[in-house]
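Student: Next one to model:
(2 chains)
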Amino acid sequence: MPLLQLKHITKRFPGVLANDRVSLEVFPGEVLALLGENGAGKSTLVSILYGLYRPDEGEILLEGQPVRIASPGDALKAGIGLVPQHPTLVSRHTVAENLALGIGTPLLPAQRIAPLIERVAQGFGLQIDPKAPVYTLSPGEKQRVEIVRALLRGARVLILDEPTSVLTPQEAEALFRVMRELRAAGKSLIFISHKLEEVLAIADRCVVLRRGQVVGHLPRAEASQARLAELMVGRSVSFARKRGAPRIGEVLLQVRDLSARSSRDLLALKGVSFELRSGEVLGIAGVAGNGQSELVEVLSGLRTIEQGTVQLAGAPLPSDPARVFARGVAHIPEDRIRMGTVPSMSVAENLALRSFDRPPLSRGFVLRPAAWLAQAQAQVQAYAVATPSLHTPTRLLSGGNIQKVILARELAGRPRLILAVHPTYGLDIGATEQVHRVLLEKTDQGAAVLLVSEDLEELLSLSDRIGVLYQGRLLGPYPVEAVSRERLGLLMTGGLA
Amino acid sequence: MRLEPLVNPPRFRVLWVTLGALGVAFVLVGGLFAAYGLNPLEAYRAMLQGTLLDAKGWQEVLRRSIPLLLIGAGLTLAFRTQFFNIGAEGQLLLGAVWAAGVALFLPLPPALSLPAMLLAGALGGALWCLVAAWLRGRLNVNEILTTLMLNYVAQSLVIFLINGPWKGRDARGYIYSDRFAEYQQLAVLPGTNVHWPTLLLGVLLALVLQWVLSRTTLGFRMRVVGENPGAARYLGISGVRVGFWIALITGGLAGLAGVGEIAGIHHRLIEPGQLSSGYGFTAIIVAWLARGHPALVLLTAPLMGLILAGGDLLKVSLNMPFRIVDVFSGVMLLCLIGSEILVQNRIRWGR
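Tutor: Numbers count the residues shown, from 1 in each chain, chains lettered A, B, ... in the order given. Alright, predicted model coming up:
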């Protein structure tokens, strides 16, 4: 008998059918992979299972009995635990203090829960130190804490929401070992991921969602990357290296012995040197927090240089983002909600963010809304942004369409240098392909691209050279032929330093 | 009972929620009337009858709407830009001080005196607010604290001036300055205290600010800074510079309101409590109700003017304590801010 069963779950939002009669079941001791593009309805389904939303129709059965899950509390009581994509831990507190939240005894909660943590953790091969403060943990360790939290609360069904998105290949491998232990212990795991090779490595069965409906239900034996991708996108997808023969030109960007401090005043870049030529794609790999953000901020004029020089086309880089942009540096930022767009503003306004104070969008200090709409209309068409209208606030768009808005705006002025930071993070396959195609097109027109990504597939398929940032130092850059996935993974974690 | 976030709240939801919040506030204050031994319906009837159905009442409402209009229009812009200026009261007083200084001590041709007073008043209020903006931009000091604290400094400054160096020759035991000359007084509608030039200025400025916000590059920068400071930084829009503009505008308008009060009604610099009766604070509600649209102040300022004027009636005709108006405003603001969550969320009953 299935442990958990969803029957004909339907959830509507204004204008959207997020889940359309979704039925699936999870048995004890199996890993069920839930796949789908962005907006396919995975997050909605997870939110329903964890009690954050309630379905409009359909029912949830636990061991054959209907259950009502109206809050995360109900979900935990029913034995359903969620390991969120981004850890929700108090970083100044220790692991034990975090885990005692909500389940600890009133007196000395953290001390009393410590032995229990170690017992649970060891039982599943999870190494964690209950006394370690959370801010000292790596993303992988934080995730383990979240898993232990769910187990401590008696979870029999564990939902892992894109758990590998923040991990290195080695950390992901460690996570899979833990998942296999949990499976062997009879737990049910629901694994949500975009990365098909991971799904194939760990899942027993795959359920594919598209536009809110279950479009495929395959046992592992019948699944392949091509088959799953086709189901997700609704057409066949190519996985070959996308980069053709590059036309490399003059040196455009010259970074020499660059050092810079982070917002917390720590030295985040230590003597970084590299050159980037026009027409070239330089990939920057690294685990988050090793200086990538600071490098991009320096290059986009957002952060001051502590030491060293940065020359763009032979002249020093200005220290003001607007002037850097005017010199031909486009910036596709890491955080498209908090930095790249103003979510409450319309598509047309977001497209005008860079050029609103220049003709034709304004005359003197007076804006010309008609010109905005004309520009927006053209860009929305050119980049195939799916939006109900030009007046729709961008917060109502999907991640892929928000990214298209940013691309359209940043690339409008024929930039010489494109700083692309996690440009396809969280995007579906269709949108990812479009972003990659646009970036490569720009290099054919002579632009240089600095591509910062945690997705090694992406780096390997687009870059001409790849450098690795590790603790503020740049390793490489190496020609792409000279590095493999495994070697990059080791470089990122200091294994070859 | 639980809250469910609305992805795309319907346009009229704001209106219904706001009206609902005001309704709740009226019921709560009605309870207060009842506790005071008055029939709430009677009290509200007295308020409406004495203001809207009475010629003298209309004048009172208008007179009180003038400073609310000026200050409220500026504050609407400031709140939209996340500059929480709650020191309009002090900026109003500084506007009055600068205008009084010009009126009392600057020998100008009569025709220039009044324009100079208006300019000086706007400048005085603007500079007072700029202190807070500068501290925020330079040292990251929270502007809520500095603007609030500067209110008390402004009050003490006024008291010091009219009790000391600027004390009027005929003041004897009272504290106020000399009376302004005839040509230094603002024109009023005949037989009333409604200084119409300031009223006109207020209406015009509210419309101008609406235009600035929606149709100029400065207004667009303000919106970006207010709605996403991270994006402003990314685009190289200086939050500090926008903050300075906001301080100049909002402080300047409060200063103008101060000029209107002394040049239009009192004709001398008087005690802070009588000069303003809390317009700087009441205007916060005016701005909150206008929800980021300076032009909407044209509706919300008279509403609060009505409540201030009605509160006066309660004091006089029903013997309520004079603080009743403050209680009224406080309950309203509490209900309005408390209702904010219902604009973005929907209540679902049952578990």
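Student: Kindly report the residues of chain B close to chain A.
Tutor: Remark: the part of chain B in contact with chain A comprises B:2, B:4, B:7-8, B:215-220, B:223-224, B:227-228, B:230-231, B:233-237, B:351, using Cβ under 8 Å from any Cβ of the partner chain. For the C-beta atoms, the positions are set from N, CA and C on the backbone; glycine is no exception.
Student: which of these count as buried?
Tutor: Buried subset of the residues of chain B next to chain A (neighbour count, 16 or more other Cβ atoms under 10 Å in any protein chain shown): B:215-220, B:223-224, B:227-228, B:231, B:233-237.
Student: So which of the residues of chain B next to chain A belong to helices?
Tutor: B:215, B:217-220, B:223-224, B:227, B:230-231, B:233-235 (DSSP state H).
Student: Redo these as CSV? Include distance to B:K167 and pLDDT.
Tutor: Formatted as CSV, these follow (distance: Cβ to Cβ, whole Å; pLDDT from 0 to 100):
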residue, distance to B:K167, pLDDT
B:R215, 48, 94
B:T217, 48, 95
B:L218, 42, 95
B:G219, 44, 95
B:F220, 48, 96
B:R223, 47, 95
B:V224, 49, 96
B:E227, 48, 94
B:G230, 52, 92
B:A231, 53, 94
B:R233, 50, 93
B:Y234, 55, 94
B:L235, 53, 94
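Student: And the closest residue to A:G125 other than its chain neighbours, how far from A:A121?
Tutor: Using Cβ to Cβ, 6 or more residues apart in numbering or on different chains and skipping the chain neighbours, the partner closest in space to A:G125 is A:E181 (4.8 Å). As judged by Cβ to Cβ, to the nearest Å, A:E181 and A:A121 stand 11 Å apart.
Student: out of the two, which sits in the more crowded spot?
Tutor: A:A121 (22 against 14; other Cβ atoms under 10 Å in any protein chain shown).
Student: thought that one was touching A:E141?
Tutor: No - using Cβ atoms under 8 Å, A:A121 is not in contact with A:E141; the gap is 11.1 Å.
Student: Name the residues contacting each of these two.
Tutor: Common neighbours of A:A121 and A:E141 (criterion: Cβ atoms under 8 Å, 6 or more residues apart in numbering or on different chains): A:I128.
Student: ok, back up a step: what is the nearest of the buried ones among the residues of chain B next to chain A to chain A?
Tutor: Minimum distance to chain A across those is 3.2 Å, recorded for B:G236 (Cβ to the nearest Cβ).
Student: before we move on, back to that, pLDDT on the helix or strand hosting the residue nearest to A:G125, on average?
Tutor: Using DSSP states H and E, A:E181 maps to helix A:169-184. Mean pLDDT, computed over helix A:169-184, is 86.
Student: for it, the distance to its chain's centre please.
Tutor: 20 Å (Cα atoms, centre = their mean, to the nearest Å).
Student: pLDDT of the following helix or strand past it, averaged?
Tutor: Later in the chain than helix A:169-184, the nearest helix or strand by DSSP H and E is strand A:188-192. For strand A:188-192, mean pLDDT rounds to 92.
Student: Would you mind writing the CA trace of strand A:188-192 as PDB?
Tutor: Taking Å, rounded to 0.1, in the frame of the first residue of the first chain, the C-alpha atoms of strand A:188-192 are listed here in PDB:
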ATOM      1  CA  SER A 188       9.700   7.800   1.300                       C
ATOM      2  CA  LEU A 189      11.500  10.600  -0.500                       C
ATOM      3  CA  ILE A 190      10.100  13.100  -3.000                       C
ATOM      4  CA  PHE A 191      13.000  14.600  -4.900                       C
ATOM      5  CA  ILE A 192      12.500  17.700  -6.900                       C
END
